[in-house]
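**Q** Kindly return the folded structure for what I paste below:
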Amino acid sequence: MYPNNANNTYKNNSIMYASKEQLLLMLLDGSIKFSKLARQAILDKDIKKSHENLLKTQNIYFELISSLDLSTAGSWGTDLVRIYQFIIEKLKMANVKKDIEILDEVMPLIQDIRNIWEEAYKLSKSSSVG
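**A** Residues are numbered from 1 along each chain as shown. The predicted structure follows:
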């Protein structure tokens, strides 16, 4: 029981003390994790598990949309919302149809978005240090 409790404490502390950029990357890591779990669940014919994980992935993108400040983001923010909405729609279709091909179509985009944000985070850290 103790190791699990220690693990939960560590996770909670990681979230509590993370920067907003680190929290964004944690969310995006979650979207990758949940989409992979959903994919495997579809292959395993586990409808409930695939549904739950696809919803978790969608919810991450809904949260990302709601956290964008479009008044300061400009046109790139609007474009980002469109990309996030595209991902949500593909995830919904994959969920309704339990279609692995739809999921396989959108998963590289999910990974690319995570990689782009990670690169932006690294660039912002290096430019603020120098």
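
**Q** All the helices of this structure, residue numbers only.
**A** Counting by DSSP state H, the segments of the chain that form helices are 2-16, 20-43, 47-67, 70-73, 75-97, 100-129.

**Q** Tell me the helices and strands packed up against the longest one.
**A** For helix 100-129, the helices and strands in contact under the criterion 3 or more CB pairs under 8 Å, 6 or more residues apart in numbering; DSSP states H and E are helix 20-43, helix 75-97. All C-beta spots, glycine's among them, are computed from the backbone N, C-alpha and C.

**Q** From residue 127, how far off is residue 104?
**A** Residue 104 sits 36 Å away from residue 127, taking CB to CB, to the nearest Å as the criterion.

**Q** Compare those two (neighbour count), which wins?
**A** residue 104 (11 against 8; other CB atoms under 10 Å).

**Q** how about the closest residue to the more buried one other than its chain neighbours, what does it touch?
**A** Of all residues beyond its chain neighbours, the one nearest residue 104 is residue 39 (7.5 Å), with distances taken as CB to CB, 6 or more residues apart in numbering. With CB atoms under 8 Å, 6 or more residues apart in numbering as the criterion, the residues that contact residue 39 are 50, 100, 103, 104, 107.

**Q** dump the residue contacts of the second one.
**A** So the one you mean is residue 100. Applying CB under 8 Å, 6+ apart to residue 100 gives the contacts 39, 42, 43, 94.

**Q** Give me the buried entries from these.
**A** Restricting the contacts of residue 100 to buried positions leaves 39, 42, 94, with burial counted as 16 or more other CB atoms under 10 Å.

**Q** one step back: relative to residue 114, which of the contacts of residue 100 is nearest.
**A** Distance to residue 114, by CB to CB, is smallest for residue 39 among the contacts of residue 100, at 15.9 Å.
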